[in-house]
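Participant: coords below, sequence missing:
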């Protein structure tokens, strides 16, 4: 998959993008993909990923919709994993495997006109032309707010939901206080 164009709509709280995906036949297709502006924060909270790892968070958010719906023995879902670390390792491995499968052959765009031609040839709306940049992910990198306190609050919600889902009172998951304390310590360092 390659992101060709992105626009941010802060008033709607979403990023909209045009992406190129390699199909099993080897052909590529352009697709539109819209996701909430706080998706990177949620993935950081859900999987205990450092907000500084923005490229990893971007990979997760951009490739998740293409993960197969079935869960095999190698994939441990967030709510079924014994620990967040186990869920993170499994999810990141799944994303990286998928990335190898659906990423088109690396392309060196010779010009912005070439990107524009690709959009127009595929029948994309002309509105996407004004959002073309050399680095298509730049708007997401610049406009994604990764607030550590908000991530800590979201991590508490995730931990609570995991406990409720698993009915696990064994103490394997950190308590709300421990999550908040560890996020605060990271921030102070």
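Facilitator: Okay, I see it. Owing to the predicted nature of the structure, the values given are computational and were not obtained by experimental measurement.
Participant: So for the protein, the centremost residue is which one?
Facilitator: In the chain, the residue lying closest to the centroid (CA atoms, centre = their mean) is residue 61, at 1.4 Å.
Participant: any idea which element it lies in?
Facilitator: Per DSSP states H and E: residue 61 is located in helix 54-63.
Participant: Just list what that helix packs against, helices and strands only.
Facilitator: Packed against helix 54-63 by the contact rule (3 or more CB pairs under 8 Å, 6 or more residues apart in numbering; DSSP states H and E) you find helix 39-47, helix 84-102, helix 138-143. C-betas here are computed from N, CA, C, even on glycine.
Participant: now, of the ones you listed, which is deepest in the fold?
Facilitator: Most buried of the helices and strands packed on helix 54-63 by mean neighbour count (mean count of other CB atoms under 10 Å) is helix 39-47; its value is a mean of 23.
Participant: Let me know the angle separating that one from helix 84-102.
Facilitator: 130 degrees (axes from the mean of the first three to the mean of the last three CA atoms, to 10 degrees).
Participant: average model confidence for helix 39-47?
Facilitator: Mean pLDDT, computed over helix 39-47, is 96.
Participant: how far off helix 54-63 does it point, in degrees?
Facilitator: Going by the same axes, to 10 degrees, helix 39-47 makes 100 degrees with helix 54-63.
Participant: How far off centre is helix 39-47?
Facilitator: 8 Å (CA atoms, centre = their mean, to the nearest Å).
Participant: who's in contact with it?
Facilitator: 15, 36, 49-51, 54, 57-58, 60-61, 78, 84, 87-88, 91-92, 140, 144-147, 150-155, 157-158 (CB atoms under 8 Å, 6 or more residues apart in numbering).
Participant: Which PyMOL command selects the buried ones in those?
Facilitator: In PyMOL, a selection of the buried entries from these looks like this (16 or more other CB atoms under 10 Å):
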select buried, resi 15+49+51+54+57+58+60+61+78+84+87+88+91+92+140+144+146+150+151+152+153+154+155+158
